[in-house]
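**Student:** Mind looking at a prediction? Sequence and model below.
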2 protein chains.
Amino acid sequence: MSSKLPNHEIVPFEMTLFVRDHCLCLHTQRVARMVARRFDETLRPLGLKSGQFSLLMSLNRPHPPTLGSVADLLAMDRTTLTANLKPLERDGLIEVRPDERDRRARRLVLTEKGRALLFRAVPIWTSTHRDVESALPPGGADRLRADLNTLLHRNEKDRS
Amino acid sequence: MSSKLPNHEIVPFEMTLFVRDHCLCLHTQRVARMVARRFDETLRPLGLKSGQFSLLMSLNRPHPPTLGSVADLLAMDRTTLTANLKPLERDGLIEVRPDERDRRARRLVLTEKGRALLFRAVPIWTSTHRDVESALPPGGADRLRADLNTLLHRNEKDRS
DNA sequence: GACGATACAGTTGATATCAACATAAATACC
DNA sequence: GGTATTTATGTTGATATCAACTGTATCGTC
């Protein structure tokens, strides 16, 4: 007969340590935050955030993509993308045009101003990415990307 | 003499493909978003988001940690943590108390209500995490965690 | 062509994220 | 013991994230 009453409804500290050391949600969030901050910092002179760079770069295509397809590429909710477009549109870096054939769809177009800014951002991306990636041993970055892609696509497919 | 005028200030499409396939910022963000959505979905019956679960779990310790130490653990800006505490405090899951010795510091305390909710969340975490992790081959999750930790800590140290 | 099902996107509300700035307390140095 | 520095945190403003709901257009079936 233990004298301690609330032995139920208690998460053992060992479980906390286990989650801290194993949770892929926590681990990916932490690294995503850190990497985003590093790119935010080096891109700041251009007035760009890391996510805005990724978005602008994804629009640098021969044919302007639809909103939905870009959201899929970025693994981002469509409504999040809609919100993220607003500051870029306000600053004249992109334009949102209705598709000519399908009047539901919106095409995301990189303007000349957007292209010029992206051009200036590329060397910053190259330099920052080299620094970030240099933390990993040779082959480590490729291995990490492969594991991340496996995790992403296998979990996306399971949802259908 | 090429007939195309603006050969300067143009990011080649090949560079876009290279960034799409190699950028660790994009890749970690995508996976972080996807994993967070999966945990958000399964934790929703408890009224918790994935980040709130990680935060509550990090407070399940013998001695209540300070705000700054938790921000470091989560690799999160301190002001972000301050903001994230508000809904949890409002719902009575945590309490913020001034440290007795150092009157600058704040101790984050998990309440009984918070502990009880965390207890109910643990089996959901276990189940969801097993599903997410099952996308990777045997040993893949450990390898991924190791690479993520290397990336995180080696880049954090470089900043000092 | 009518109609139900499906697909694409916008709006709103809540939370998450961080920089810049500001406040207050502890510490170090003289 | 007084002053400069460092440390721990809060506040504000801008952007990021997603669910729930809504509107509208296309498609498939008859």
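**Tutor:** Thanks, I have it.
**Student:** what residues are up against the closest residue in space to A:Arg145 that isn't next to it in sequence?
**Tutor:** Nearest non-adjacent residue to A:Arg145, counting by C-beta to C-beta, 6 or more residues apart in numbering or on different chains: B:His27, 5.7 Å away. From N, CA and C alone the C-beta is placed, and that goes for glycine too. For B:His27, the contacting residues are A:Leu144, A:Arg145, A:Leu148, A:Asn149, by C-beta atoms under 8 Å, 6 or more residues apart in numbering or on different chains.
**Student:** Could you pull out the strands in chain A for me?
**Tutor:** For chain A, the strands defined by DSSP state E occupy A:94-98, A:106-110.
**Student:** Residues of chain A that sit close to DNA strand D?
**Tutor:** A:49, A:51-52, A:76-77, A:79-80, A:83-84, A:87, A:101-104 (C-beta under 7 Å from any atom of the strand).
**Student:** switch to 10 Å and redo it
**Tutor:** Neighbours of DNA strand D within chain A, by C-beta under 10 Å from any atom of the strand: A:32, A:36, A:40, A:47-55, A:71, A:74-88, A:90-91, A:98-105.
**Student:** ok, A:Thr79 - how many residues close by?
**Tutor:** 9 (other C-beta atoms under 10 Å in any protein chain shown).
**Student:** Same question for A:Phe13.
**Tutor:** Residues near A:Phe13, counting by other C-beta under 10 Å: 11.
**Student:** Also A:Thr111?
**Tutor:** For A:Thr111, the neighbour count with other C-beta under 10 Å is 16.
**Student:** and if you look at A:Gly92?
**Tutor:** Neighbours around A:Gly92, by other C-beta under 10 Å: 12.
**Student:** Quick one: neighbours of the closest residue to it other than its chain neighbours, just the number.
**Tutor:** Distances taken as C-beta to C-beta, 6+ apart place A:Lys113 nearest to A:Gly92, at 5.0 Å, with adjacent residues excluded. Taking other C-beta under 10 Å as the criterion, the count of residues near A:Lys113 is 12.
**Student:** What residue in chain A comes nearest to DNA strand C?
**Tutor:** As assessed by C-beta to the nearest atom of the strand, DNA strand C sits closest to A:Gly68 within chain A, at 2.6 Å.
**Student:** about what we covered before: roughly how far does the residue nearest to A:Arg145 sit from DNA strand D?
**Tutor:** Separation of B:His27 from DNA strand D (C-beta to the nearest atom of the strand, to the nearest Å): 13 Å.
**Student:** The longest helix along chain A to strand A:94-98, inter-axis angle?
**Tutor:** In chain A, taking DSSP state H as the definition, the longest helix is helix A:112-133. For helix A:112-133 against strand A:94-98, the angle by axes from the mean of the first three to the mean of the last three C-alpha atoms, to 10 degrees is 120 degrees.
**Student:** if we can go back for a sec, what's the closest of the strands of chain A to A:Val122?
**Tutor:** Across the strands of chain A, A:Val122 has its closest neighbour in strand A:106-110 (13.4 Å, C-beta to C-beta).
**Student:** so, in contact with DNA strand C or not, the closest one?
**Tutor:** Yes - counting by C-beta under 10 Å from any atom of the strand, contacts between strand A:106-110 and DNA strand C involve A:Arg106, A:Arg107, A:Leu108.
**Student:** closest to A:Arg20 among those?
**Tutor:** Distance to A:Arg20 across these (C-beta to C-beta) is lowest for A:Leu108, with 39.4 Å.
**Student:** Number of residues surrounding the nearest residue to that closest one once chain neighbours are set aside?
**Tutor:** Using C-beta to C-beta, 6+ apart and skipping the chain neighbours, the partner closest in space to A:Leu108 is A:Leu59 (5.3 Å). Look at A:Leu59: counted by other C-beta under 10 Å, it has 23 neighbours.
**Student:** Pull the contacting residues for A:Leu59.
**Tutor:** By C-beta under 8 Å, 6+ apart, the contact list for A:Leu59 reads A:Pro65, A:Val70, A:Ile94, A:Leu108, A:Val109, A:Leu110, A:Gly114.
**Student:** 10 Å instead?
**Tutor:** Contacts for A:Leu59 were tallied using C-beta atoms under 10 Å, 6 or more residues apart in numbering or on different chains; they are A:65, A:70, A:85, A:88, A:93-95, A:107-111, A:114-115, A:118, B:16.
**Student:** State the pLDDT value of the residue of chain A closest to DNA strand C.
**Tutor:** As predicted, A:Gly68 sits at a pLDDT of 95.
**Student:** A:Lys157 too?
**Tutor:** In this prediction, A:Lys157 carries a pLDDT score of 56.
**Student:** least trustworthy helix or strand in chain A by mean pLDDT?
**Tutor:** Every helix and strand in chain A was compared by mean pLDDT, DSSP states H and E; the lowest is helix A:140-158, with a mean of 90.
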